[in-house]
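dropping the sequence and predicted coords here.
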Amino acid sequence: MRKSVLDLFAGEKGVSALPVILIVSGIIIEVFIAVVAVSNLFSNSTASAQLSVEALEAAESGAEDAIIRVLRLGECSPGAVGCYPLTYTLTIGNREACVNIVDAVLGDGSITVISRGAAFTRVRAIQVELAISAITRKLEVQSFAEVEVPDTFEECS
């Protein structure tokens, strides 16, 4: 006499529990993987935004430092040692700003400062346009704005 598969397990209790447990476990694992993936994406975007802010703060600090250096240099003849063009690195905490100070046009009293802040893979730049009165030596900040890093940016060593 032949027995069917159903007849083999007819007297067994809990046979249907195994597929139910496997299905429920699979659903729980899928939900867990989805939660981990979403939290990972969220933390990456938050970290990226934080790095971008840190790079901008480093660039702003570099630009402000450059304004102070221009004030301290006072009368500075182009090409003199320690004068413009001047490129230097400023360390702010664990971030760095590479600062370029250049005369826009020699002799007209205008100076351009470009400060590039970097935080890991994020780079932001600030450009400052300064005007110095030839008579009073008064320094005026004409613009202080975020810009794209120009192609002519001289890298710090």
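The structure has been received and is ready for your questions.

show the pLDDT at Ser110.
If you check Ser110, the pLDDT there is 81.

try Ile29
For Ile29, pLDDT reads 96.

near it, how many other residues are there?
Neighbours of Ile29 under the rule other C-beta atoms under 10 Å: 10. Heads up, the C-betas are built off the backbone N, CA and C, glycines and all.

ok so it is a helix residue?
Yes - counting by DSSP: H, G, I helix; E, B strand; the rest coil, Ile29 is found in a helix.

which ones are touching it?
For Ile29, no contacting residues are found, by C-beta atoms under 8 Å, 6 or more residues apart in numbering.

and for Pro150?
Applying C-beta under 8 Å, 6+ apart, the residues near Pro150 are Ile114, Ala125.

distance check, it against Ser115.
Pro150 sits 12 Å away from Ser115, going by C-beta to C-beta, to the nearest Å.

who touches both of these two?
Joint contacts of Pro150 and Ser115 (C-beta under 8 Å, 6+ apart) are Ala125.

beta partners for Glu146?
Ile126 (DSSP bridges).

what's near enough to touch it?
Leu56, Ala59, Arg124, Ala125, Ile126, Gln127.

let's go with 10 Å and repeat that
Glu146 makes contact with Leu56, Ala59, Glu60, Ala63, Arg124, Ala125, Ile126, Gln127, according to C-beta atoms under 10 Å, 6 or more residues apart in numbering.

who wins on neighbours among these?
Highest count within the contacts of Glu146 by other C-beta under 10 Å belongs to Ala59, 30 neighbours.

next, that residue: secondary structure please.
Going by three-state DSSP: Ala59 is helix.

if we can go back for a sec, please produce JSON lines containing the contacts of Glu146, extended by pLDDT and distance to Leu90.
What follows is those, written out as JSON lines (pLDDT from 0 to 100; distance: C-beta to C-beta, whole Å):
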{"residue": "Leu56", "pLDDT": "92", "distance to Leu90": "14"}
{"residue": "Ala59", "pLDDT": "93", "distance to Leu90": "10"}
{"residue": "Glu60", "pLDDT": "93", "distance to Leu90": "11"}
{"residue": "Ala63", "pLDDT": "93", "distance to Leu90": "10"}
{"residue": "Arg124", "pLDDT": "91", "distance to Leu90": "14"}
{"residue": "Ala125", "pLDDT": "93", "distance to Leu90": "14"}
{"residue": "Ile126", "pLDDT": "94", "distance to Leu90": "12"}
{"residue": "Gln127", "pLDDT": "93", "distance to Leu90": "16"}
